[in-house]
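Chemist: Give me a model of this one.
(one chain, ligands or ions: 2)
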Amino acid sequence: MGFFQVINHGISKTAIEDAFVSSAKFFDLPNDDEEKKKLTSNDIAKPVRFEGIGSSSSDNNNDSKDNDSKVSKEFIKLYAHPLQDWIHLWPDHPSDFREKIRNYAMEMRKIGIKFKIVEAIMESLGLSPNYLRDKIEQGMQILVINKYAQCYGLPSSSTFINTLGAAPHSDHSIITILLDNTPGLEILDHHSKAWKALPAVKCALTVLVGDHLEVLSNDIYESVLHGVGLSHRNSRISIGSFQSLAMGDMVEPALELVDQDNPKRYRANSFEEYLKHLSSKQPKPYIESLKI
Ligand SMILES: O=C(O)CCC(=O)C(=O)O
Ligand SMILES: [Fe+2]
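Modeler: Residues are numbered from 1 along each chain as shown. Ligands and ions are numbered 1, 2, ... in the order given. Here you go, the predicted structure:
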């Protein structure tokens, strides 16, 4: 279905809790706070940027204009690898933001790349566990911290079809590792074509298949359409760690997965190209634009 959940991952509870507390403190700063004002931008190419509630751009490639107008979330996007290139651009208050978010980013990188997740995915495809290892290690990591507004007066069964937190989209990444402080993510089940709420497993990491994994696996893995509804119960914070190759590195179907019966289904493309696609505001989802 394009995602899996990981438990017993060994990431310290403190690192996770600290990242959520520090993120909440950032979002709680008043909107005319200097730091927020300085980082506010809807230029998607910016390595660090904040967007407050009600703005009209989005980092998701197939949020439609109609959906955008209803979206009720704010977020901060942070390039996070190589850390030393970016951390000085991150907010420096709340005073512990850089430290706590850096720790979190490093934990996500460790579990995603240095340990088993990417390796296991490569192995499951019949590729060497080290496939693209160096490129992935030197690749990009982007953190997106989202805060969804609490929405009073909603029926408890409301879904994002009615009231959007994040419009349906797939991520551009190879994988995205997500954590949230309250449930809300829904995914489209390819088989039944129904939207389903993700199982709420305490402390589980949710790993989403991104477009670039669909490409490199030549359609064995399919990236997952996902979105977020708003809750009447409480506001929600989620932190996604997007793992990709470097900006200009080309991603294409692994040659080992291409033969006469399984021709190449996608053209080679890069993260840089994805950004261009986003800025062009084409309605076509990025992954569709890559299909041969
Ligand atoms: O908030 C979530 O659970 C999902 C966020 C998301 O899909 C994204 O930032 O790309
Ligand atoms: Fe996403």
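
Chemist: so Leu185 makes contact with Ala200?
Modeler: No. Using Cβ atoms under 8 Å, Leu185 makes no contact with Ala200, being 9.4 Å away. Backbone N, C-alpha and C define where each C-beta goes, glycine included.

Chemist: Neighbour count for these two, which is higher?
Modeler: Each of Leu185 and Ala200 has its neighbours counted (other Cβ atoms under 10 Å); Leu185 has more, 22 against 12.

Chemist: Contacts only, for the nearest residue to the more buried one once chain neighbours are set aside.
Modeler: Nearest in space to Leu185, with sequence neighbours left out and distances taken as Cβ to Cβ, 6 or more residues apart in numbering, is Leu198 at 4.7 Å. Contact partners of Leu198, counting by Cβ atoms under 8 Å, 6 or more residues apart in numbering, are 3, 5, 183, 185-187, 206.

Chemist: would JSON lines of those residues with distance to His277, secondary structure and pLDDT be doable?
Modeler: Formatted as JSON lines, the contacts of Leu198 follow (distance: Cβ to Cβ, whole Å; DSSP: H, G, I helix; E, B strand; the rest coil; pLDDT from 0 to 100):
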{"residue": "Phe3", "distance to His277": "23", "secondary structure": "strand", "pLDDT": "94"}
{"residue": "Gln5", "distance to His277": "29", "secondary structure": "strand", "pLDDT": "94"}
{"residue": "Pro183", "distance to His277": "31", "secondary structure": "coil", "pLDDT": "85"}
{"residue": "Leu185", "distance to His277": "24", "secondary structure": "strand", "pLDDT": "90"}
{"residue": "Glu186", "distance to His277": "24", "secondary structure": "strand", "pLDDT": "90"}
{"residue": "Ile187", "distance to His277": "22", "secondary structure": "strand", "pLDDT": "92"}
{"residue": "Thr206", "distance to His277": "25", "secondary structure": "strand", "pLDDT": "95"}
